[in-house]
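In: sequence first, predicted model second:
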Amino acid sequence: MTHEINRRQALRLLAGAAAAPLILRYGSALAGSTNTFPFGIASGDPWPDGFVIWTRLSSLPLYPGNERELPASIPVDWEVALDESFRTLVQRGRTQALRQNAHAVHVELHGLQPGREYWYRFIALGERGPTGRALTLPTPDTRVDKLRLAVASCAQWERGLFSAYRHMAAERPDLVLFVGDYIYENNTEPGSTQPIARPYGAPEATDLAGYRYRYALHKTDPDLQALHAVSPWIATWDDHEVLDDYSGVWSTDPNVSVEQFQQRRAAAYQAFLENMPLRRPPIGSNGSPQIYRQFRYGDLAGIPVLDGRQYRSRQPCVAPPHFGKGHMELSTCKDLGDPTRTLLGFEQERWLYDNLRTSKSRWNLLAQDLLVAPLRAHKPDTGEDRYWTDNWDGFQAGRLRLIENIRDSRVANPVILSGDYHSFWANHLYERPEDPDSKLVAPEFVGTSITSNGPSYTAIQSVLPDNPQIRFFDSRVRGYLSLDLTPQRLEVRMQAISDRMDPKATVSTLKGFVLESGSPQLNEV
Ligand code: FE
Ligand code: CA
């Protein structure tokens with residue numbers, strides 16, 4: 001059955017790696033990685049008696065379509081231990097890396113003890129891969145005193161180096177919440193004046209080979225590998241894992257049919273699932289993988305992880321010249337407040353609201369991809385109100401349902417954690433979202449990007465006086481959110497790196513907030 005190959009054949013298969021042009025170009029990116037495991041390892045989606053461990057075998061050099069150089073099936077052994085030196089092995093097994101999955105391997109472990117650290121590694125083609133740290137969740141009825149989280153989004157390869165990931169790794173968070181844009185499908189347009197930190201070496205990703213290449217390239221980065229090796233990830237996607245600003249089954253291009261776009265989307269989703277340490281997702285009623293899901297970290301934190309892309313209604317106010325692209329839209333456009341439109345999809349809404357109503361967790365952290373708080377900006381010439389269409393401002397009735405359901409569920413200490421906007425935000429979500437005299441329902445934090453360009457600081461600053469729900473905003477820095485949670489309080493640090501072009505970039509805390517249990521009020525540190 002097994003397609004065994006011996007070590008000599010394996011070495012021949014993998015030979016020449018160091019001489020490949022792309023590898024030379026990214027030579028430093030490969031320091032510390034191996035020939036068999038050039039993309040490192042990862043763990044994720046922990047549960048009380050296990051977690052997913054991941055790796056992806058490859059032959060180098062890295063270029064689109066190179067997966068054919070490996071046999072169709074390669075045996076991969078895995079080991080899980082109680083200690084980093086693997087003196088106390090608790091489980092081992094064998095699986096197969098299959099060409100049809102781009103030689104990615106997901107092992108879903110069971111039978112481990114809840115609420116503790118484990119170490120894992122893979123062995124394939126005669127080579128032992130790097131060692132990773134994972135953890136099991138404490139059971140939901142376990143009293144838990146603390147949880148350290150890091151929240152990240154938006155890692156555009158071309159825009160900078162992944163120093164933010166390196167500094168996240170140094171914090172050794174218990175969990176990484178990744179809220180979208182792990183890759184970017186598109187390339188910087190030719191002729192752009194944007195400085196390019198490092199090129200993709202491939203055209204825009206539009207098919208399975210293209211998306212697989214994107215993930216492979218990112219995963220050669222040592223800073224990203226370090227973060228995956230040290231902490232389990234809980235990840236969701238946003239638009240750039242497929243196509244900038246797509247909405248549900250609709251492309252942004254009016255000339256691309258729903259059928260054509262669904263094919264592209266399915267390829268992109270497949271590559272995401274191959275390359276991220278997710279548990280195998282159920283297939284939803286639309287025939288596509290369902291990645292919204294719920295985690296409970298002991299009695300301390302419920303973490304619903306949402307999908308803000310797959311089930312959306314079409315983009316609001318589709319018309320030339322924007323068609324399906326995000327844009328600033330006059331508040332008179334009826335789509336913005338249409339209650340028949342949804343950002344989460346009505347099934348996911350129902351699932352979330354049921355979850356909130358039944359949650360017994362002391363804190364409830366909603367991890368999702370898009371800014372929830374409103375941002376109203378007037379048109380400079382006419383003074384008319386406008387909203388950005390691609391986030392919750394484009395789905396305002398859906399936002400109201402979300403906020404009202406959080407309020408009515410009486411869920412303890414709801415906090416929203418968001419991505420996409422390439423900037424730090426701390427917001428108050430009111431029951432009437434633009435009325436700070438109405439009931440405060442939940443705070444929201446938006447992490448900035450790992451590397452992607454932020455929106456104009458001056459443009460958004462200039463409209464903040466009209467938006468008192470926005471308590472803090474800064475788009476000038478790259479970085480991530482660092483969270484320390486106890487039963488009594490949540491501390492949030494906005495961690496900024498010094499320079500995304502500098503491989504030795506340092507990190508500092510730009511701003512800190514504290515929430516006390518029982519109050520949604522943001523307190524500046
Ligand atoms: Fe982004
Ligand atoms: Ca996005």
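Out: Yes, it's here. Ligands and ions are numbered 1, 2, ... in the order given.

In: count of neighbours near the single nearest residue of the stretch 301-450 of the chain relative to ligand 2?
Out: Across the stretch 301-450 of the chain, the shortest distance to ligand 2 (Cβ to the ion) belongs to residue 420, at 4.0 Å. (Glycine included, C-beta is placed from N, CA and C.) Residue 420 has 25 neighbouring residues, counting by other Cβ atoms under 10 Å.

In: repeat that for residue 252.
Out: For residue 252, the count of nearby residues is 20 (other Cβ under 10 Å).

In: give the contact list for it.
Out: By Cβ atoms under 8 Å, 6 or more residues apart in numbering, the residues touching residue 252 are 243, 244, 245, 246, 315, 323, 324, 325.

In: quick one: the fifth one from ligand 1, how far?
Out: For residue 315, the distance to ligand 1 under the criterion Cβ to the ion, to the nearest Å works out to 17 Å.

In: was I right about that residue contacting residue 394?
Out: Yes - if you go by Cβ atoms under 8 Å, residue 315 and residue 394 touch, sitting 6.8 Å apart.

In: and the helix or strand residue 364 falls within, which strands flank it?
Out: Using DSSP states H and E, residue 364 falls within strand 363-367. Applying DSSP bridges, strand 363-367 is found paired with strand 301-305 (parallel), strand 414-418 (parallel).

In: in JSON lines, list these along with distance to ligand 2, mean pLDDT and mean neighbour count.
Out: Formatted as JSON lines, the strands paired with strand 363-367 follow (distance: least, Cβ to the ion, whole Å; pLDDT from 0 to 100; neighbours: other Cβ atoms under 10 Å):
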{"stretch": "strand 301-305", "distance to ligand 2": "16", "mean pLDDT": "98", "mean neighbour count": "23"}
{"stretch": "strand 414-418", "distance to ligand 2": "11", "mean pLDDT": "98", "mean neighbour count": "25"}
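
In: how about the residues of the stretch 1-150 of the chain near ligand 2?
Out: Contact residues, the stretch 1-150 of the chain versus ligand 2 (Cβ under 5 Å from the ion): none.

In: correct me if wrong: the residue of the stretch 301-450 of the chain closest to ligand 2 contacts residue 369.
Out: Yes - counting by Cβ under 8 Å, residue 420 touches residue 369, with 5.4 Å between them.

In: list residues touching both of the two?
Out: 153, 179, 180, 181, 238, 239.

In: domain ranges for this protein?
Out: 7-135, 151-524 (automatic domain parsing).

In: what sits closest to residue 94 if chain neighbours are left out?
Out: Nearest residue to residue 94, sequence neighbours excluded (Cβ to Cβ, 6 or more residues apart in numbering): residue 77, at 5.1 Å.

In: residue 368 now?
Out: The spatial neighbour of residue 368 that comes closest, neighbours along the chain excluded (Cβ to Cβ, 6+ apart), is residue 306 at 3.8 Å.

In: enumerate every residue touching the one you found.
Out: Residue 306 touches 236, 292, 344, 348, 352, 366, 367, 368, 369, counting by Cβ under 8 Å, 6+ apart.

In: looking at those, which is nearest ligand 1?
Out: Nearest to ligand 1 among those: residue 369, at 8.9 Å, using Cβ to the ion.

In: any residues in contact with both of residue 315 and residue 394?
Out: In contact with both residue 315 and residue 394: residue 326, using Cβ under 8 Å, 6+ apart.

In: check the stretch 1-150 of the chain for the residue nearest ligand 2 and tell me.
Out: Nearest residue of the stretch 1-150 of the chain to ligand 2, counting by Cβ to the ion: residue 150, 18.8 Å away.

In: meant to ask about the stretch 101-250 of the chain, not that
Out: For the stretch 101-250 of the chain, Cβ to the ion, closest residue to ligand 2: residue 238, 4.0 Å.

In: for that residue, helix, strand, or coil?
Out: Applying DSSP: H, G, I helix; E, B strand; the rest coil to residue 238 yields a three-state assignment of coil.

In: so how far is residue 369 from it?
Out: To residue 369, residue 238 is 4 Å away according to Cβ to Cβ, to the nearest Å.

In: quick check: neighbours shared by these two?
Out: By Cβ under 8 Å, 6+ apart, residue 238 and residue 369 have these common neighbours: 153, 179, 180, 181, 308, 309, 419, 420.

In: just flag the most distant two among these.
Out: 153 and 309 (13.0 Å; Cβ to Cβ).

In: what touches both of those two?
Out: Listed as contacting both residue 153 and residue 309 by Cβ under 8 Å, 6+ apart are 238, 369.

In: follow-up on the earlier one: any idea how far the residue nearest to residue 368 lies from residue 518?
Out: The value you get for residue 306 to residue 518, if Cβ to Cβ is used, is 24 Å.

In: repeat that for residue 46.
Out: In terms of Cβ to Cβ, residue 46 sits 28 Å off from residue 518.

In: can you count the residues close to the residue in the stretch 351-500 of the chain positioned nearest to ligand 1?
Out: Closest to ligand 1 within the stretch 351-500 of the chain is residue 452: 4.8 Å, counting by Cβ to the ion. Residue 452: 23 surrounding residues under other Cβ under 10 Å.

In: my guess is it contacts residue 155. True?
Out: Yes - counting by Cβ under 8 Å, residue 452 does reach residue 155; the two are 7.2 Å apart.

In: hey, what's in contact with both of the two?
Out: In contact with both residue 452 and residue 155: residue 181, using Cβ under 8 Å, 6+ apart.

In: all strands for the stretch 151-300 of the chain, in order.
Out: Taking DSSP state E, counting those that start in this stretch as the test, the strands found in the stretch 151-300 of the chain are 175-179, 233-236, 293-297.

In: now, of those strands, which is deepest in the fold?
Out: strand 175-179 (a mean of 26; mean count of other Cβ atoms under 10 Å).

In: outside of that one, which residues touch it?
Out: By Cβ under 8 Å, 6+ apart, the surrounding residues in contact with strand 175-179 are 46, 147-153, 168, 227, 231-236, 238, 297, 303, 305, 365, 367-369, 417-420, 447.

In: what do you get for stretch 308-319?
Out: 180, 236-239, 242, 245-248, 250, 252, 254, 286, 288, 291, 324-326, 329, 333, 335-336, 338, 340-348, 368-370, 389-390, 394-395.

In: cool, and stretch 258-265?
Out: With Cβ under 8 Å, 6+ apart as the criterion, stretch 258-265 contacts 206, 207, 242, 243, 246, 249, 250, 251, 256, 288.

In: out of the residues you listed, which is most surrounded?
Out: residue 246 (28 neighbours).

In: how much space between the closest residue in space to that residue that isn't next to it in sequence and residue 410?
Out: Using Cβ to Cβ, 6+ apart and skipping the chain neighbours, the partner closest in space to residue 246 is residue 239 (5.5 Å). Applying Cβ to Cβ, the value for residue 239 to residue 410 is 33 Å.

In: neighbour-wise, which of the two wins?
Out: residue 239 (23 against 10).

In: phi, psi for that one please.
Out: Per-residue torsions, residue 239: phi -80, psi -40 (degrees, to the nearest 10).

In: any idea how far it lies from ligand 1?
Out: Using Cβ to the ion, one obtains 8 Å as the distance from residue 239 to ligand 1.

In: and the pLDDT for that residue?
Out: pLDDT for residue 239: 98.

In: got a list of what it touches?
Out: By Cβ under 8 Å, 6+ apart, residue 239 lies in contact with 180, 181, 245, 246, 309, 369, 390, 420.

In: check the residues you listed one by one and keep those near ligand 1.
Out: Answer for these near ligand 1 (Cβ under 5 Å from the ion): residue 181.

In: using CSV, lay out the contacts of residue 239 together with pLDDT and distance to residue 96.
Out: Below are the contacts of residue 239 laid out as CSV (pLDDT from 0 to 100; distance: Cβ to Cβ, whole Å):
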residue, pLDDT, distance to residue 96
180, 98, 31
181, 98, 31
245, 98, 38
246, 98, 33
309, 98, 31
369, 98, 33
390, 98, 40
420, 98, 37
